[in-house]
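# Structure, please.
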Amino acid sequence: MISGSQLVAFFAASIAIIMVPGPSVLFTLARGVAWGRAVAVLTVLGNSFGTLVLSIIVAIGLGPLLAHSKAFAVVLQLAGGCYLLWLGLDALRHRHEHAQAMTKREGERPRNLRVVRQGFTVGILNPKSLVFFAAVFPHFVDRTKGNVTVQLLILGCIFSVMAFLSDSTWGLIAGTAREWLSGSAHRLVVLRTIGACVMMGLGVLIIVSAITS
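Numbering: from 1, shown residues only. Predicted structure coming up:
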């Protein structure tokens, strides 16, 4: 189906794109610093599911549409930027009560399903992954070796697993730093503010990039 040389080249390209900090990595870092390791890993889990769904959508025909419709790509980027901006504003608005809750009862953190859902939304609206899937995946497909859609699906699954492992590592590092500082509500307010600003700044950058592209 997919040759060994193609897989090696795909691994190399995937590592390159995953290692460049993008919306998913920065979002995971912000959540890890704000809420800890468990929330960071759950965020990555949801993000990976979103990435997988995005790869499936590209595999069944969205790639050509995105390649030929700049307006559609811009709308998708704007949606992702606005969502990150909203999450940042929400975190900033509730930073004090969140900090107090985390110093008293760990159970006050966001519910697992909500964390996964938010990570999923960021993942499926990640413009970096979108561009990578639509523009790069086709180069690793051999039309003479089986169904093209199946090959794209396999590549999407591989990429999602690699992204989960890489982003989880970043999340654990950020979560560990948060645990070390969790003895002070004031420090958590500062960390929550930093995380909120990162998300808002990232959202603004994506929106500006979409508008000026």
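# How much space separates the residue lying farthest from the centre of the chain from I2?
Distance to the chain centre peaks in the chain at T144, reaching 33.2 Å (criterion: C-alpha atoms, centre = their mean). Taking C-beta to C-beta, to the nearest Å as the measure, T144 falls 12 Å from I2. C-beta: built from backbone N, CA, C; applies to glycine.
# before we move on, the earlier item: tell me the secondary structure at the residue farthest from the centre of the chain.
Using DSSP: H, G, I helix; E, B strand; the rest coil, the structure places T144 in coil.
# what residues are up against it?
T144 makes no contacts at all, as judged by C-beta atoms under 8 Å, 6 or more residues apart in numbering.
# pLDDT-wise, which helix or strand of the chain ranks last?
Sorted by mean pLDDT, DSSP states H and E, the helices and strands of the chain end with helix 95-104, the least confident at a mean of 58.
# so how far is the following helix or strand past that one off the chain centroid?
Downstream of helix 95-104, the first helix or strand assigned by DSSP states H and E is helix 112-124. Taking the mean of its C-alpha atoms, helix 112-124 sits 9 Å from the chain's own mean (C-alpha atoms, centre = their mean, to the nearest Å).
# Quick check: pLDDT value at the residue positioned nearest the centre of the chain.
Nearest to the geometric centre of the chain sits S24, at 2.5 Å (C-alpha atoms, centre = their mean). Here, the pLDDT recorded for S24 equals 77.
# Name the next helix or strand downstream of the one helix or strand it maps to, please.
Assigned by DSSP H and E, S24 belongs to helix 23-35. Downstream of helix 23-35, the next assigned helix or strand under DSSP H and E is helix 37-57.
# now the angle between helix 112-124 and the longest helix along the chain, please.
The residue-count maximum for a helix in the chain (DSSP state H) belongs to helix 148-180. Helix 148-180 and helix 112-124 are oriented at 130 degrees to each other (axes from the mean of the first three to the mean of the last three C-alpha atoms, to 10 degrees).
# and the angle from the next helix or strand after helix 148-180 to helix 112-124?
Going down the chain from helix 148-180, the next helix or strand is helix 185-212, by DSSP H and E. Using the same axes, to 10 degrees, the direction of helix 185-212 lies 30 degrees away from that of helix 112-124.
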